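Asker: Return atomic coordinates for the entry below.
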Amino acid sequence: MVLVLFNSLLAREYKVAIFDYDVPHPHEQTVAKYIQEKLMESGLPFSHINLFSGENQDKVAVKVLRKLENDNYDLIITVTSNALSAAEYRLKNTPWLFTNVNNPKFFGHRYNKYSSQHSSGVSYYVKSIEQLRFFNELMNGKLKKVGLIFDYSAKSRRVEIFDFAQASNRLKIERIIKVIKNKEELPLIVTNMIESEVDAIVLTSSNKLYENIDLILQQSNKYKIPIFSVNKKGVANGAVTALANDYYKMVDNNLIPMVVDVLKNKKDPGSIPVQKLTKPMIYLNLTQAKILDLKIPNKIKHSATKVY
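Answerer: Numbers count the residues shown, from 1 in each chain. Just a heads-up that it's a prediction; the model follows:
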């Protein structure tokens, strides 16, 4: 009994920082908060599990990460592609894991198991060609011309534009690409796309786009143009569908086991390959499909993870 008590007193307590590039919503269950809760439930001993934000600004992100690097954390966990970019630039010595990122290769991350970097993580990446094929299948093969909207402030834009351009070329689908800086630009951009006779509009990786679909729907619904999303948030707000990975399931299935490997089993994150969920999920907004008189194939309906 005395030996057990003595060993428990000597047990190592870990100090972990969770860094989210975005500004947290006070009443929302963010991924960062979810990671914090899951770590507390993991059974590992922690002295600190602290949350930090980059406040949607690169300069703030780098400043915060610089401080975290100097504060001797055992592990830093970053959330979002923008956070990954800042961490790649700033973190040199502290082990770190990322989640909620697009394809890390696009950001120059060397993530083979022999990497000298002290980092690895989980990606939500679903290939753009898979996305377009899925959208075309949902439209019963009638997707001949697509409008693609990107957010200028989203770093994933830099790689998604190229990725979707290649995919549309391979599938022989015409494309119109628009990049917005402010949400107020959305109505005019959508009007222009409709005048160009697009068959559908795709919202790429950006909360700005997912959260402002109402600025699009008035026009798109009038002309029976479906809006697709690369994230389930868009579907909840009015997009017809998304082929996407679930951020919270990524935490449960991939990230937390990686944290255990790093802290408890003393693995260098650089020795752990980047992971992702084995199969993307289908999210459907059947209410919106009905408004558009869009008949979704039964195969897709029956495969849906969540229906709105």
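Asker: From here on, just use CA atoms for contacts and neighbour counts.
Answerer: Noted.
Asker: Against R157, how distant is L132?
Answerer: 17 Å (Cα to Cα, to the nearest Å).
Asker: nope, N102 is what I was after
Answerer: Separation of N102 from R157 (Cα to Cα) stands at 10 Å.
Asker: So for these two, which sits in the more crowded spot?
Answerer: Under the neighbour definition other Cα atoms under 10 Å, N102 and R157 were set side by side, and N102 has more, 24 against 19.
Asker: now the strands for the stretch 101-250 of the chain?
Answerer: In order along the chain, the stretch 101-250 of the chain carries the following strands (DSSP state E, counting those that start in this stretch): 119-123, 145-151, 174-180, 200-203, 227-229, 241-244.
Asker: Turn those into a markdown table, including mean pLDDT.
Answerer: Conversion of the strands of the stretch 101-250 of the chain to a markdown table gives the following (pLDDT from 0 to 100):
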| stretch | mean pLDDT |
| --- | --- |
| strand 119-123 | 93 |
| strand 145-151 | 98 |
| strand 174-180 | 97 |
| strand 200-203 | 98 |
| strand 227-229 | 98 |
| strand 241-244 | 96 |
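Asker: Would you mind confirming that K38 makes contact with L255?
Answerer: No - K38 is not in contact with L255 according to Cα atoms under 8 Å; the separation is 10.0 Å.
Asker: out of these two, which sits in the more crowded spot?
Answerer: Between K38 and L255, counted using other Cα under 10 Å, L255 has the larger neighbour count: 26 against 15.
Asker: Doesn't the more buried one lie inside a helix?
Answerer: Yes - residue assignment for L255, taken from DSSP: H, G, I helix; E, B strand; the rest coil, places it within a helix.
Asker: Show me where this protein dips below the pLDDT cut-off.
Answerer: For the chain, the stretches flagged by pLDDT under 70 are 1-11, 106-116.
Asker: what's the single longest helix in it?
Answerer: Longest helix in the chain, counting residues (DSSP state H): helix 157-171.
Asker: who's in contact with that one?
Answerer: 106, 127-129, 132-133, 150-151, 174-175, 177, 204-205 (Cα atoms under 8 Å, 6 or more residues apart in numbering).
Asker: Report the two of the residues you listed separated the most.
Answerer: Across those, the longest distance by Cα to Cα is 23.8 Å; it joins F106 and E174.
Asker: re earlier: what angle sits between the longest helix of the chain and strand 174-180?
Answerer: Here helix 157-171 runs at an angle of 170 degrees relative to strand 174-180 (axes from the mean of the first three to the mean of the last three Cα atoms, to 10 degrees).
Asker: buried set for helix 157-171?
Answerer: Neighbour-count burial for helix 157-171, counted by 16 or more other Cα atoms under 10 Å, picks out R157, E160, I161, F164, A165, A167, S168.
Asker: Equivalent analysis for stretch 26-33, please.
Answerer: Within stretch 26-33, the residues scored as buried using 16+ other Cα under 10 Å are T30, V31, A32, K33.
Asker: residues near the closest residue in space to L277 that isn't next to it in sequence, how many?
Answerer: Counting by Cα to Cα, 6 or more residues apart in numbering, the nearest residue to L277 once its immediate chain neighbours are dropped is M250, at 6.4 Å. Around M250 sit 20 other residues, with neighbours defined as other Cα under 10 Å.
Asker: just to revisit the earlier point, now do the longest helix of the chain and strand 145-151, the angle between them.
Answerer: Calculated by the same axes, to 10 degrees, helix 157-171 forms an angle of 170 degrees with strand 145-151.
Asker: Distance from helix 157-171 to the middle of the chain?
Answerer: Chain-centre distance of helix 157-171: 17 Å, with Cα atoms, centre = their mean, to the nearest Å.
Asker: List only those of the contacts of helix 157-171 flagged as buried.
Answerer: Members of these that pass the buried threshold by neighbour count (16+ other Cα under 10 Å) are listed as S128, I129, L132, R133, F150, D151, R175, I177, T204, S205.
Asker: want to try CSV for the residues you listed, with distance to S229 as columns?
Answerer: Rendered in CSV, the data for those read as follows (distance: Cα to Cα, whole Å):
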residue, distance to S229
S128, 12
I129, 14
L132, 11
R133, 13
F150, 11
D151, 13
R175, 16
I177, 15
T204, 6
S205, 8
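Asker: Thank you, goodbye.
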